[in-house]
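Undergrad: here you go, sequence then predicted model.
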Amino acid sequence: MYNLKFPLGKILSLLVIVSMLFGSCQNENDVQPVETQPLSNDIAVLKSFLSETTGTPLSNITFTDDTFTIDGDVVMPLKNARDHYAKFQTEKSTTGRTEQRQYMYLLTPAVAAGITIYIGADVPSVWVTSINQAISNWNNGADSKIHAAVTTTAAGASIAISMNAGLPSNVIAQASFPDAAGNAGPTVHINPAFNSTLTVSQKQFAITHEFGHCFGFMHTNQTNGALIADTPVTDANSVMNSVVLNWNGFTFYDFIAFGKLYPHTAGTRRLLRYFSSANTDHFYTINTNEIGPTGNGWAFEGGSGYVYGTPTPGTVPLYRYYDAVTTDHFYTLNFGEVSWTYEGVACYVSATQVPGTRPLYRYFSDDTKDHFYTLNFGEVSGPSWTYEGIACYVWQP
Ligand SMILES: [Zn+2]
């Protein structure tokens, strides 16, 4: 995170910081493997490949000390560049899916579900706090397959965090990207120069951001990498912007991006929940553009589990209706349950509880004429709410 193009003196005032390191590194004390002196042609091919796959102009990719530097702030060791290139060639020849190259930077689902994080003994408590906050953000706020936990064993940890006083003075921290085998980026290095110059909140933002790199997310505000479907090209408060902010939660499109790349179950899409207080109406959709982050008085209230967007074996349609008189949206597996305006199939869900699913509970308020669906039994209560049973089952651990 951060931008080397800014004059050094402005960096702190702009709060533009943190960087990332591409690829997997060994422990810093390891002896670096001896690389065969590469042919210049090899480097040229890899430069072109990195330019194409990261969306970076060729002129912004340099090669020194067996390492590629991309756009000033992403570093990829030669070995990793070769691994990525080899994997890309294999995928291209076997599937022809050249447009899906962003997948080579992502975690496998099994890896995503079991990230272990080792915090080095040299990491001061101020950063340990932010590391734990960042883990909580990913585990509880992202609502994705990604789940991380601290381990006290260095060997075998997915990500090792350590201090590095040798980082450039304008870089808060550096992270690494997933490798070609789908493992998490193995390192986060923190610059001790920022131990006391960042607020607790900024540290939380910075570490949450760095973990995002380890999980395969690139900078929202730069053009490197492939755009994640259903997300915009700019998002002012995205955690993956290269500008450190005070932590204020993930943005709507951060949330969308996490669910796109790491759904709880492959092929599923997040059911998004909104509420209009003016109309006292809860609304659910899988279409991220139908309302977006907000609009016409709708407040985004998070995800309500994962569902399918197309007919899938084992699923049934969830029908959507609307009553303009009571301004109430209604969802049911029973076509024709109400004689309201039929608005189509909302999504495809399970009619019975199968592994990986949870009930979506249905409530109705006769006071406000509002149907409400939630994963949390008892989320609403009191005399105005009537529990009407399980609407369907959605994919959610
Ligand atoms: Zn970054």
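TA: Done, it's in.
Undergrad: shaky segments in this structure?
TA: For the chain, the stretches flagged by pLDDT under 70 are 1-41, 52-56, 70-75, 87-104.
Undergrad: now the helices for it?
TA: 8-14, 40-54, 78-95, 109-112, 125-136, 200-214, 252-261 (DSSP state H).
Undergrad: could I have the CA atoms of the fourth one written out in PDB?
TA: Yep, that's helix 109-112 we're talking about. Output in PDB follows, covering the C-alpha atoms of helix 109-112 (Å, rounded to 0.1, in the frame of the first residue of the first chain):
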ATOM      1  CA  PRO A 109     -10.700 -22.900  -0.800                       C
ATOM      2  CA  ALA A 110      -9.000 -25.300   1.700                       C
ATOM      3  CA  VAL A 111      -6.200 -22.900   2.200                       C
ATOM      4  CA  ALA A 112      -8.600 -20.000   2.600                       C
END
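Undergrad: residue farthest from the centroid of the protein?
TA: S339 (40.1 Å; C-alpha atoms, centre = their mean).
Undergrad: next one: that one from F283, what distance?
TA: According to C-beta to C-beta, to the nearest Å, S339 and F283 sit 20 Å apart. Every C-beta, even on glycine, is put in place using the N, C-alpha and C of the backbone.
Undergrad: please apply the same query to N248.
TA: N248 is 24 Å from F283, by C-beta to C-beta.
Undergrad: neighbour count: those two, which is higher?
TA: Neighbours per residue (other C-beta atoms under 10 Å) separate N248 from F283, with F283 holding more: 22 against 11.
Undergrad: pretty sure the more buried one sits against G295.
TA: No: contact criterion C-beta atoms under 8 Å: F283 and G295 do not qualify, at 11.1 Å.
Undergrad: please list all residues in contact with L46.
TA: When contacts are counted by C-beta atoms under 8 Å, 6 or more residues apart in numbering, L46 touches 63, 68, 78, 81-82, 85.
Undergrad: go through the residues you listed and give me the one with the most neighbours.
TA: A81 (25 neighbours).
Undergrad: what's it in contact with, if anything?
TA: Applying C-beta under 8 Å, 6+ apart, the residues contacting A81 are 23, 46, 49-50, 68.
Undergrad: what is the burial count for L58?
TA: Neighbours of L58 (other C-beta under 10 Å): 11.
Undergrad: distance check, it against D65.
TA: In terms of C-beta to C-beta, L58 sits 19 Å off from D65.
Undergrad: go on, G216?
TA: Distance from G216 to D65, by C-beta to C-beta: 25 Å.
Undergrad: what of A299?
TA: Taking C-beta to C-beta, one finds A299 at 51 Å from D65.
Undergrad: surely Y331 is in contact with L318?
TA: Yes: here Y331 reaches L318: they are 5.4 Å apart, a contact under C-beta under 8 Å.
Undergrad: any shared contact partners between those two?
TA: Common contact partners of Y331 and L318 (C-beta under 8 Å, 6+ apart): 346, 391.
Undergrad: spatially nearest residue to E343 (excluding sequence neighbours)?
TA: R320 (4.4 Å; C-beta to C-beta, 6 or more residues apart in numbering).
Undergrad: what residues are up against that neighbour?
TA: Applying C-beta under 8 Å, 6+ apart, the residues contacting R320 are 284, 329-331, 342-346.
Undergrad: please repeat the previous calculation with a cut-off of 6 Å.
TA: Listed by C-beta atoms under 6 Å, 6 or more residues apart in numbering, the contact set of R320 reads 331, 343-344, 346.
Undergrad: closest one of those to G389?
TA: Y331 (12.6 Å; C-beta to C-beta).
Undergrad: beta partners of the closest one?
TA: Judged by DSSP bridges, the bridge partners of Y331 are R320.
Undergrad: which residues touch it?
TA: 318, 320, 346.
Undergrad: who are the contact partners of the most centrally placed residue in the chain?
TA: Here the mean C-alpha position of the chain is nearest to the C-alpha of F258 (C-alpha atoms, centre = their mean), at a distance of 3.0 Å. Counting by C-beta under 6 Å, 6+ apart, F258 makes contact with 142, 144.
Undergrad: try 10 Å
TA: 138, 141-146, 212, 215, 217, 228, 239, 250, 270, 303 (C-beta atoms under 10 Å, 6 or more residues apart in numbering).
Undergrad: now the residues you listed: which count as buried?
TA: Burial by neighbour count, 16 or more other C-beta atoms under 10 Å: within these this picks out 138, 141-146, 212, 215, 217, 228, 239, 250, 270, 303.
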